[in-house]
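S.K.: Turn this into a model:
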Amino acid sequence: MDLYNTLALLMVVAAVFAYLNHRFLRLPGTIGLMILALVSSLLAIGLGRLGVAGVLTVSALVRSIDFHTVLMQVMLSFLLFAGALHVDVRALGQERAAVGAMATAGTLLSTGLVGTACYYLLPLFGLPTAFIYCLLFGALISPTDPIAVLGILKQARIDKRLEIRIVGESLFNDGIAVVVFVSLFEIARFGAERATPGVIGQLFLREAVGGIVLGAALGYLTYWALRSIDNYKVEVLLTLALVMGGTALATALHTSGPLAIVVAGLIVGDKGRALGMSDQTREYLDKFWEVLDEILNAVLFVLIGLEMLVLDISRTTLLVGGVAIGLVLAARWVSLAVPLALLRGRVSFDRATLRVLTWGGLRGGISVALALSLAKDMPRDLIVGVTYVVVVFSIIVQGLSIGALVRKLGLSTVEPTAPDDH
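M.R.: Predicted coordinates:
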């Protein structure tokens with residue numbers, strides 16, 4: 001019953017917080033839920049120190065949740081497919097040079113910049129840390145989180161061309177981030193001799209390229225199946241099977257599940273919805289994945305907020321986290337400006353666009369999950385604590401202000417509207 005009780009707790013808390021946010025706070029759903037969860041966690045910590053038994057039970061339930069497994073192996077594929085399903089593939093193709101540069105070169109450059117800066121700054125706080133662990137932090141904090149980005153950009157009313165760059169980058173930079181993180185993790189555990197250029201290249205081909213090829217195959221297979229029938233119940237079931245079966249197959253083949261599901265989702269969303277479905281099926285499919293996306297997003301951001309109950313974040317960690325926020329944003333700006341400048345002849349961008357791309361590169365649950373996957377003999381508590389501070393700032397502060405920044409810079413397509421149910 002422990003698993004059931006834990007899931008029941010998360011669902012009840014998510015439903016209550018979603019109601020309170022919609023009824024009173026009127027904030028974007030993901031941000032409102034996370035703020036309420038953080039405030040509740042802080043109150044619970046205070047009550048826990050007073051020895052309130054119920055709070056201690058809740059803390060034990062939260063501690064029993066393997067955040068990394070829940071997000072990376074269970075929830076992520078559903079959330080990515082739901083997001084990719086409605087991406088304009090033709091517009092994404094037109095921005096492929098910019099998206100590709102930001103998702104690859106940008107992630108690598110940001111990893112190096114953040115890692116190097118942390119290596120020289122952490123000793124100033126009495127926390128000297130090996131360079132390889134600083135690079136590990138740079139690798140896990142550099143990729144933007146598609147879940148956070150997609151959830152918050154829904155209400156930013158951003159220019160469509162700029163939106164496709166941000167969304168496209170966040171959907172595709174997971175592949176390069178996983179390769180970099182795993183390679184650095186191997187070096188940290190077993191030494192540099194285990195992570196030769198040949199091994200890293202093989203890992204990239206298997207994870208990133210293999211994931212894209214697998215996703216394309218599964219996407220077109222599902223598209224063919226959708227075209228051959230007209231039954232909305234079966235067609236919704238086919239997409240659900242695509243996500244679950246595709247994730248399991250990617251894991252078995254040791255390829256990138258997230259990349260496979262993103263590519264499959266883009267194909268089904270483009271060709272499947274336009275050519276393989278009736279209007280009735282399209283309506284049911286969209287509603288099904290919209291509801292599932294909202295439920296999982298609610299649970300995820302509540303879980304991020306409740307993680308405060310089980311994390312040991314000291315004043316020093318908060319201070320380092322505050323410095324890391326500035327480092328991550330500065331590295332984000334440089335890692336975008338350099339590759340985009342090299343593509344100036346093919347990609348158009350200006351200072352306003354660069355500012356929005358920098359501020360709109362949100363970090364989220366993926367960074368927390370990767371940090372929590374670190375081994376206990378590594379500086380895990382420090383990295384997890386600093387990552388959590390950066391993620392909370394990113395989602396709440398950057399997420400709440402991105403819409404205002406877009407409007408101030410004249411990059412908004414329409415006037416803002418009041419938050420809806422989402």
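
S.K.: so what are the domain limits for the protein?
M.R.: Under automatic domain parsing, the residue ranges defining each domain of the chain are 2-63, 67-408.

S.K.: What ranges in this protein fall below the confidence cut-off?
M.R.: Residue ranges of the chain with pLDDT under 70: 1, 413-422.

S.K.: Just give me the residue right at the centre of this structure.
M.R.: Using Cα atoms, centre = their mean, the residue of the chain that lies closest to the mean C-alpha position is residue 145, 2.4 Å off.

S.K.: Hmm, residue 363 and that one touching each other?
M.R.: Yes. Counting by Cβ atoms under 8 Å, residue 145 sits close enough to residue 363 to count as a contact (5.6 Å). To be clear about C-beta, it is placed using only N, CA and C from the backbone, and glycine gets the same treatment.

S.K.: what separates residue 112 from residue 245, distance-wise?
M.R.: Distance of residue 112 to residue 245, computed by Cβ to Cβ, to the nearest Å: 37 Å.

S.K.: Please report the distance of the residue nearest to residue 374 when sequence neighbours are not counted from residue 69.
M.R.: Here the nearest residue to residue 374 in space, its sequence neighbours aside, is residue 380; by Cβ to Cβ, 6 or more residues apart in numbering that works out to 4.4 Å. Counting by Cβ to Cβ, the separation of residue 380 from residue 69 is 16 Å.

S.K.: Tell me how many other residues surround residue 153.
M.R.: 23 (other Cβ atoms under 10 Å).

S.K.: residues in contact with it?
M.R.: In this structure, residue 153 makes contact with 163, 166-167, 360, 402, judged by Cβ atoms under 8 Å, 6 or more residues apart in numbering.

S.K.: Now a ChimeraX select for only the buried ones of those.
M.R.: The following ChimeraX command selects only the buried members of those, with burial defined by 16 or more other Cβ atoms under 10 Å:
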select :163,166,167,360,402
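
S.K.: can you redo the contacts of residue 153 as TSV with secondary structure and distance to residue 54?
M.R.: Converted to TSV, those look like this (DSSP: H, G, I helix; E, B strand; the rest coil; distance: Cβ to Cβ, whole Å):
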residue	secondary structure	distance to residue 54
163	helix	44
166	helix	42
167	helix	41
360	coil	40
402	helix	37
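
S.K.: Most widely separated two among the contacts of residue 153?
M.R.: For the contacts of residue 153, the farthest-apart pair by Cβ to Cβ is 167 and 402; their separation is 12.9 Å.

S.K.: hang on, the earlier thing: more crowded one of residue 112 and residue 245?
M.R.: For residue 112 against residue 245, the residue with the higher neighbour count under other Cβ under 10 Å is residue 112, and the figures read 17 against 12.

S.K.: which residues sit in contact with the more buried one?
M.R.: So residue 112 contacts 135, 138 (Cβ under 8 Å, 6+ apart).

S.K.: Name the SS class of it, please.
M.R.: Assigned by DSSP: H, G, I helix; E, B strand; the rest coil, the conformation of residue 112 is helix.

S.K.: Return the distance of it relative to residue 331.
M.R.: Per Cβ to Cβ, residue 112 is found 9 Å from residue 331.

S.K.: now swap in residue 60 and tell me
M.R.: 37 Å.

S.K.: Compare the two and say which is more crowded by neighbours.
M.R.: Ranked by neighbour count (other Cβ under 10 Å), residue 60 and residue 331 place residue 331 first, with 24 against 13.

S.K.: so residue 136 makes contact with residue 188?
M.R.: Yes. Using Cβ under 8 Å as the test, residue 136 is close enough to residue 188 to be in contact (6.3 Å).

S.K.: ok, back up a step: overlap in contacts of residue 112 and residue 331?
M.R.: Residues touching both residue 112 and residue 331 by Cβ under 8 Å, 6+ apart: residue 138.

S.K.: show me the contacts for residue 263.
M.R.: Residue 263 neighbours (Cβ under 8 Å, 6+ apart): 84, 211-212, 215-216, 219.

S.K.: Would you mind checking the residues you listed for buried ones?
M.R.: Here, 16+ other Cβ under 10 Å leaves 84, 211-212, 215, 219 buried among the contacts of residue 263.

S.K.: buried stuff in stretch 388-401?
M.R.: Residues of stretch 388-401 classed as buried by neighbour count (16+ other Cβ under 10 Å): 388-396, 398-399.

S.K.: Could you double-check that residue 184 sits in contact with residue 136?
M.R.: Yes. Counting by Cβ under 8 Å, a contact exists between residue 184 and residue 136, whose distance comes to 5.0 Å.

S.K.: more crowded one of those two?
M.R.: residue 136 (27 against 23).

S.K.: which stretch of helix or strand covers the more buried one?
M.R.: Secondary structure assigned from DSSP states H and E places residue 136 in helix 131-141.

S.K.: what about dumping the CA coordinates of that helix to CSV?
M.R.: The C-alpha coordinates for helix 131-141 follow below in CSV (Å, rounded to 0.1, in the frame of the first residue of the first chain):
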residue,chain,number,x,y,z
PHE,A,131,36.7,19.9,-11.7
ILE,A,132,34.9,16.8,-12.9
TYR,A,133,32.1,17.3,-10.4
CYS,A,134,31.8,21.0,-11.4
LEU,A,135,31.5,19.9,-15.0
LEU,A,136,28.8,17.4,-14.0
PHE,A,137,26.8,20.2,-12.5
GLY,A,138,27.3,22.2,-15.7
ALA,A,139,26.0,19.3,-17.7
LEU,A,140,22.9,18.8,-15.7
ILE,A,141,22.0,22.4,-15.4
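
S.K.: Good, we can wrap up now.
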